[in-house]
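[1] let's see this in three dimensions:
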Amino acid sequence: MNQIINQFRRIVADDGRGDKDFTQQEERLKKAQDELKEASASLARAANHLADFVKARM
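    Numbers count the residues shown, from 1 in each chain. The predicted structure is shown next:
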């Protein structure tokens, strides 16, 4: 029971002091995500071109 009360106190008393700023990390992750999306789209286009090429050869 004390654990629950202590956890509630921590939540209520949290005023943001000591919080870390993750802005730079979030920006890097967003850039990496965008690059991965672009790479996967490029791979899908290449696969479609290859499939079209194979169909044309048949």
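
[2] now the helix ranked longest in the chain: average pLDDT?
    Assignment by DSSP state H gives helix 23-57 as the longest helix of the chain. Averaged over helix 23-57, pLDDT sits at 97.

[3] quick thing: my sequence starts at 48, can you match it?
    Will do, 48 is the new start, and the previous item becomes helix 70-104.

[4] pull the distance from that helix to the chain's centre.
    Mean-position distance between helix 70-104 and its chain equals 15 Å (Cα atoms, centre = their mean, to the nearest Å).

[5] give the other helices and strands that that helix contacts.
    With contacts defined as 3 or more Cβ pairs under 8 Å, 6 or more residues apart in numbering; DSSP states H and E, helix 70-104 has no helix or strand neighbours. Using the backbone N, CA and C atoms, a C-beta is placed for each residue, glycine as well.

[6] pull out the buried positions in it.
    For helix 70-104, the neighbour count (16 or more other Cβ atoms under 10 Å) marks no residue as buried.

[7] how much space between Phe55 and Glu74?
    From Phe55 over to Glu74 the distance is 34 Å, taken as Cβ to Cβ, to the nearest Å.
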